[in-house]
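K.L.:
Quick check, what structure comes out for this input:
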Amino acid sequence: MFEIFVDSAANIPAELVKAFKIKVLSFVNLVNGKEMTCFDPDLTPEEERQKGKDYYDMVRAGADIKTGLISSGVFEDAFREALEADKDALYFSLSKNISGNYNSARIAAEDLMESGNYTRKIRMIDSLNASLAQGILAIYASEMREKGMAFDEVADILETCPAKMNGVFTVGDLKYLARTGRLSGTAAVIGNVLSIKPILRGNKDGYIVQYKKCRGRKAALHELISLVCNNIVEPEKQIIGIAHADAYEESLYIMEEIQKRVKVRGFINTSYDFCTGSHVGPDTLALFFMGKDRELSGNK
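P.N.:
Next up, the predicted model:
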C-alpha cells in the first residue's frame, strides 16, 4: 500500500481530496501580515469558491501578499508517518523551475532514506507544471491504487505523464506578470491599455512561457478552448482541469464550449490555488489536459 501526497498548489478541491484519499501539505501565505493556510480540508465547493472570491478581491484591493515554501521539516514529518505505517510515499510536486518546494521535499526524502530506518520507499514526481496539472496526476494515481496496482508500477507510469500534461492560461491584468518578472512594467502598462491578453503555458522544462498574444479577453478565452480541443488525446478517458481566479462564470462558459466540441470523461472546476494564484492575479483562467506532448498546435 502507499500514500499519495501533494502540496496545496495541486489545487484539488477538498471533497475530491477526501474521495481519493490524497494527503495535502498546505502552503501558508501572509496576507497583510496575517497567516492564511491555503488549503482547508473542510470546505464545500461553494465555500471554496467564496473563499476564492474573497481572496482575489483582497488581491485586487492591493493586499500585501507574501508566499513561502513548505519546509523540509513538514515534508519529513509527513513522509515519516507513511513510512512508519509501513507504506510507501508518492509525492506530486509543483514544478521545481517555478518553486523551490520540490527541493524541500527532496531534502526530506533523502534524509529519511539515508537514515536506514525504513524499508519502504519515497518517490517524487515533478509535474513540470502547477495547479491541476499536479492534482489530476495525483487523482489518476489514486485510481490506480484503488485497482490494486503496485507502487512502483503506478509511479513508473505517471512519471511519463508530465511530458504530456499541458497547462495553458490567460490573465486578467498584466501587472501581476510584471511583478514576477515575466513581463516588463512598461509592457504591462501598454498591454493593458491595448487590451492585449497573453496565452501562457508551462513548457516541457517546467517554466512558464508566453505562447501567443490575443487582442481582448474573449479572443483569449476562445484560444484556450481551441488549444484544449485541438491538442487533447483520448478525451473520453481524461479529466480536464479548470482553475479560475474569481472568474467562475467564464469558467462555466469554457466548460460548455469544450463539451460542444469534444466528449470528455469529466471536469474539475475550482478556484485557483492561492499560492501560485497570487503571482498571476485575479481573473486568471487556466486549463489542464493531456496531449501527445507539450508542443501545442493552433487552430485546425
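K.L.:
for the stretch 51-200 of the chain, what spans make up the helices?
P.N.:
For the stretch 51-200 of the chain, applying DSSP state H, counting those that start in this stretch gives helices covering 72-84, 101-114, 132-146, 151-159, 175-179, 185-193.
K.L.:
swap that for the stretch 201-300 of the chain, please
P.N.:
Assigned by DSSP H, counting those that start in this stretch, the stretch 201-300 of the chain shows helices spanning 217-231, 248-261, 274-280.
K.L.:
who's in contact with the last one?
P.N.:
Think helix 274-280. Applying C-beta atoms under 8 Å, 6 or more residues apart in numbering, the external contacts of helix 274-280 come out as 8-9, 27, 29, 36, 38, 52, 55-56, 59, 65, 67, 94, 98-99, 130-131, 169, 171, 176-177, 179-180, 243, 245, 271-272, 284. From N, CA and C alone the C-beta is placed, and that goes for glycine too.
K.L.:
From residue 16, how far out is the residue nearest the centre of the chain?
P.N.:
For the chain, the residue sitting closest to the mean C-alpha position, by C-alpha atoms, centre = their mean, is residue 131 at 0.7 Å. Counting by C-beta to C-beta, to the nearest Å, the gap from residue 131 to residue 16 is 14 Å.
K.L.:
And for residue 255?
P.N.:
Computed as C-beta to C-beta, the residue 255 to residue 16 distance reads 16 Å.
K.L.:
picking that back up, any idea which of the helices of the stretch 201-300 of the chain is most buried?
P.N.:
Among the helices of the stretch 201-300 of the chain, helix 274-280 has the highest mean neighbour count (mean count of other C-beta atoms under 10 Å), at a mean of 26.
K.L.:
which stretch among the helices of the stretch 51-200 of the chain comes nearest residue 264?
P.N.:
Of all the helices of the stretch 51-200 of the chain, helix 132-146 sits nearest to residue 264, with 12.0 Å by C-beta to C-beta.
K.L.:
Tell me where the model's unsure across the stretch 51-200 of the chain.
P.N.:
Applying pLDDT under 70 to the stretch 51-200 of the chain flags residues 178, 180-194.
K.L.:
sorry, back to before: including mean pLDDT, could the helices of the stretch 201-300 of the chain go into a markdown table?
P.N.:
Output for those, formatted as a markdown table (pLDDT from 0 to 100):
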| stretch | mean pLDDT |
| --- | --- |
| helix 217-231 | 96 |
| helix 248-261 | 97 |
| helix 274-280 | 91 |
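K.L.:
now those helices in CSV, with distance to residue 297?
P.N.:
Converted to CSV, the helices of the stretch 201-300 of the chain look like this (distance: least, C-beta to C-beta, whole Å):
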stretch, distance to residue 297
helix 217-231, 6
helix 248-261, 15
helix 274-280, 24
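K.L.:
OK, contacts around the residue nearest to the centre of the chain?
P.N.:
9-11, 167, 241, 243, 272-273, 276, 286, 288.
K.L.:
By neighbours, which of the residues you listed wins?
P.N.:
The member of the contacts of residue 131 that has the most neighbours, counting by other C-beta atoms under 10 Å, is residue 9 with 34 neighbours.
K.L.:
What residue, apart from its backbone neighbours, is nearest that one spatially?
P.N.:
Of all residues not flanking residue 9 in the chain, residue 94 sits nearest, at 4.4 Å (C-beta to C-beta, 6 or more residues apart in numbering).
K.L.:
Residue 44 too?
P.N.:
Closest residue in space to residue 44, ignoring its immediate chain neighbours: residue 15 at 7.2 Å, by C-beta to C-beta, 6+ apart.
K.L.:
Could the C-alpha coordinates of whichever strand or helix holds the one you found be exported in PDB?
P.N.:
Per DSSP states H and E: residue 15 is located in helix 14-19. The C-alpha atoms that make up helix 14-19 are tabulated as PDB, following Å, rounded to 0.1, in the frame of the first residue of the first chain:
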ATOM      1  CA  ALA A  14     -11.400  19.400  -0.600                       C
ATOM      2  CA  GLU A  15     -14.300  17.000  -1.500                       C
ATOM      3  CA  LEU A  16     -12.000  15.200  -4.000                       C
ATOM      4  CA  VAL A  17      -9.100  15.100  -1.600                       C
ATOM      5  CA  LYS A  18     -11.300  13.100   0.700                       C
ATOM      6  CA  ALA A  19     -12.800  10.900  -2.100                       C
END
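K.L.:
Could I get the average pLDDT for the next helix or strand after that helix?
P.N.:
The C-terminal neighbour of helix 14-19 among helices and strands, as given by DSSP H and E, is strand 23-25. In this model, strand 23-25 has an average pLDDT of 98.
K.L.:
And stretch 30-37, by the same measure?
P.N.:
Rounded mean pLDDT across stretch 30-37 is 96.
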